[in-house]
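**Q** can't give you the sequence, but here's the structure:
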C-alpha cells in the first residue's frame, strides 16, 4: 500500500462487526502468534474475540467504543476504548495491519480515541503493553503517556509482564 491511500477514521457501529471479524483474523495471520500485542494468545482465543457475537455485544455496550481506520470499506486498524467510570478510561488496544503500518494510522486512531474519551468525560486514560514492546512504549510516550507501574497479566496459560502507562486528558 502506498501513502496515497485515503484512510478515514471513525467510531465503529454494530454493523461493522463482520468487517472487524475479517480484520482481526487478517491481523492475526499477518502478525503471527508470537507477535507483540498478541503475546500468549492462541488462535482459538483470537477467534473468540473475533466472533460476530463477541464484537456485536462489545459494539453495543455503552461503556465501550471502537474506533476504526478504513480505506475503501476495509478495516485497516482499530482502537478499543473502555469507560471505567469516575472519569477514567482504558485504551485496551490499538491494532494496525502490518500491511498498513507506516501510514500514520496508529496515530490517527490514538488521536480519535483521545477525542472520544474526552466526549465521554474521561480525564485519565490508561494503556498497558508488554514490558518488552519498545515500539508501543515509545509510541505511547511520544503521545503524552507516562509510565505508572509494572505487573504480570495472565493471557491464556502465559504470564506476560506488562507496563501500565497513563495520560491525563484536558
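**A** Structure received. Worth saying up front: this structure is predicted, and the values here are computed from it rather than measured. Numbers count the residues shown, from 1 in each chain.
**Q** quick check: next helix or strand after the helix or strand of the chain with the lowest mean pLDDT?
**A** Taking mean pLDDT, DSSP states H and E as the measure, the chain has helix 43-49 as its least confident helix or strand, at a mean of 61. Going down the chain from helix 43-49, the next helix or strand is helix 52-60, by DSSP states H and E.
**Q** next, the buried residues of that following helix.
**A** Neighbour-count burial for helix 52-60 flags 54, 55, 56, 58, 59 (criterion: 16 or more other Cβ atoms under 10 Å). C-beta here means a position set from N, CA and C on the backbone, and glycine is covered the same way.
**Q** just send those residues back as JSON lines, with pLDDT too.
**A** Shown next, in JSON lines, are the buried residues of helix 52-60 (pLDDT from 0 to 100):
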{"residue": "54", "pLDDT": "85"}
{"residue": "55", "pLDDT": "88"}
{"residue": "56", "pLDDT": "90"}
{"residue": "58", "pLDDT": "89"}
{"residue": "59", "pLDDT": "91"}
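**Q** I'd like these as TSV, with distance to residue 160 appended.
**A** Below are those laid out as TSV (distance: Cβ to Cβ, whole Å):
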residue	distance to residue 160
54	21
55	23
56	27
58	22
59	26
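**Q** show me where this structure has its helices.
**A** Along the chain, the stretches classed as helices by DSSP state H are 17-31, 43-49, 52-60, 105-119, 134-142.
**Q** lowest average pLDDT across those?
**A** Lowest mean pLDDT of the helices of the chain: helix 43-49, a mean of 61.
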